[in-house]
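K.L.:
sequence plus the predicted model coming up.
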Amino acid sequence: MKKGSSLYVKIALILSLLVSLLAGCGSPNVKENYPLESVNRSGSSTSYVYRAAGEKVPEVAADLIADHKPDQKSPENEDHMFLVYDKEYYHLQKDPNKPEDTLIEVDSEQYVRDNYDSSFLQGYLAASLIGSLFDSFGGHGSYRGYSSKDTYKPKQDYHAPTKDDKKAAPPLTVEKKGSITRRGGSGSSSGSYSGGSSSSGSSKGSITRNKDGGSSDSGSYSSPKKSITKPKTRSGSGGITRRRR
C-alpha cells in the first residue's frame with residue numbers, strides 16, 4: 001500500500017509540473033479579456049486592436065506578463081510598450097483620444113516587417129531582433145502604431161471587425177441574465193423569453209366544483225362569471241264577462 005501511494009504522489013507531482021510549464025508557454029489570450037475594436041489583415045500580415053478601458057499602459061503590461069512571460073519586453077513607459085511572444089508583437093499604447101484607455105495592438109511578425117518604421121522600434125526592441133526583422137536598409141514603412149495611424153499610415157487601412165474577423169479573433173462577450181415579469185400576475189421567470197402573440201396564447205388550469213353548485217378555479221385560467229337576470233313579467237287589468245246559459 002505504501003509503494004502504491006508513493007507512486008500516486010509522484011504522478012501527481014509530475015502532472016502539476018507539466019501543467020505549470022504549459023501555462024507559461026504561448027501568448028496571453030487577449031481576445032478573451034478585451035473587446036476587439038479594429039482590424040487590418042492581408043494573408044499572414046495581420047493586426048488586431050483591442051481596448052483596455054480605464055487601464056494605463058504599464059498596468060495592462062503587468063497583467064499580460066503575469067498571464068504569460070514574454071520573450072522580450074520594452075522598458076516601462078506611459079505611452080508605448082512592446083511585449084514579444086514568439087512571432088507576435090504586442091504594442092501597448094495610450095489612446096490619444098481617451099488617455100485613460102490603453103490600445104492593445106497585436107501584430108504578426110509579417111505585419112511589423114511590412115509596415116513599421118525600424119527607427120521607431122529602436123527605442124523599444126533589441127537591436128538583434130530589429131536586425132532579424134529588417135534588411136540592412138531598414139524598414140520600408142513609416143507606421144508607428146494604431147494611435148498615430150492617421151499621421152504615420154500603414155500600407156492598408158484599418159476597418160471595423162467583420163464576421164470573418166471576429167471568427168479569427170473574437171471579442172470579449174458578456175452573458176447577461178435578467179428576469180421577465182409577466183403583466184397581470186405575480187409570477188416571474190428568469191432567463192430569455194420568446195413567444196408568439198399574447199392574444200393567441202393558451203393557458204391551463206383546474207376547476208373545482210363547490211357543494212353549492214358554484215365553482216372555484218386555480219391556475220392561470222379564470223372562468224367567466226354568468227350574469228343572473230330576473231325573468232320579465234307582464235302585468236295588466238281587465239274584466240271577466242260570464243256567458244248566459
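P.N.:
Done, it's in.

K.L.:
rest of the way, CA atoms for contacts and neighbours
P.N.:
Noted.

K.L.:
just the element for the nearest residue to A160 once chain neighbours are set aside, please.
P.N.:
Spatially, and ignoring its direct neighbours in sequence, A160 is nearest to S38 (4.9 Å; C-alpha to C-alpha, 6 or more residues apart in numbering). Using DSSP states H and E, S38 falls within strand 36-42.

K.L.:
and if you look at S119?
P.N.:
Short version, using DSSP H and E: S119 is in helix 118-121.

K.L.:
repeat that for R51.
P.N.:
Following DSSP H and E, one finds R51 within strand 45-52.

K.L.:
got the angle between that strand and strand 36-42?
P.N.:
Counting by axes from the mean of the first three to the mean of the last three C-alpha atoms, to 10 degrees, strand 45-52 lies at 170 degrees to strand 36-42.

K.L.:
what segments of this protein are strands?
P.N.:
36-42, 45-52, 72-73, 80-85, 88-94, 102-108, 179-181, 188-190, 205-209, 215-219 (DSSP state E).

K.L.:
lowest-pLDDT helix or strand in the chain?
P.N.:
Ranking every helix and strand in the chain by mean pLDDT, DSSP states H and E puts strand 179-181 at the bottom, with a mean of 39.

K.L.:
what's the local residue count around the residue nearest to A160?
P.N.:
By other C-alpha atoms under 10 Å, the residues close to S38 number 18.

K.L.:
do the same with D165
P.N.:
There are 17 residues near D165, going by other C-alpha under 10 Å.

K.L.:
report the separation between it and P28.
P.N.:
According to C-alpha to C-alpha, to the nearest Å, D165 and P28 sit 19 Å apart.

K.L.:
got it, and V49?
P.N.:
In terms of C-alpha to C-alpha, V49 sits 14 Å off from P28.

K.L.:
which of those two has more neighbours?
P.N.:
V49 (25 against 20).

K.L.:
show me the contacts for that one.
P.N.:
36-39, 103-106, 146 (C-alpha atoms under 8 Å, 6 or more residues apart in numbering).

K.L.:
so where's this structure uncertain?
P.N.:
Along the chain, the model assigns pLDDT under 70 to residues 1-27, 29, 136-138, 170-245.

K.L.:
hmm, try it at 90
P.N.:
Applying pLDDT under 90 to the chain flags the ranges 1-33, 135-140, 163, 166-245.

K.L.:
ranges for the helices of it?
P.N.:
Here the chain has its helices, by DSSP state H, at 2-23, 57-67, 109-115, 118-121, 127-133, 163-168.

K.L.:
show me which positions of the second one end up buried.
P.N.:
Of the residues in helix 57-67, those with enough neighbours to count as buried (16 or more other C-alpha atoms under 10 Å) are 57-58, 60-61, 64, 67.

K.L.:
again, but for the third one
P.N.:
Buried positions in helix 109-115, judged by neighbour count with 16+ other C-alpha under 10 Å: 109-115.

K.L.:
now tabulate those residues in CSV and tack on distance to D71.
P.N.:
CSV is the format used below for the buried residues of helix 109-115 (distance: C-alpha to C-alpha, whole Å):
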residue, distance to D71
E109, 14
Q110, 18
Y111, 18
V112, 16
R113, 18
D114, 21
N115, 22
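
K.L.:
closest one to A160 out of those residues, please.
P.N.:
Y111 (17.9 Å; C-alpha to C-alpha).
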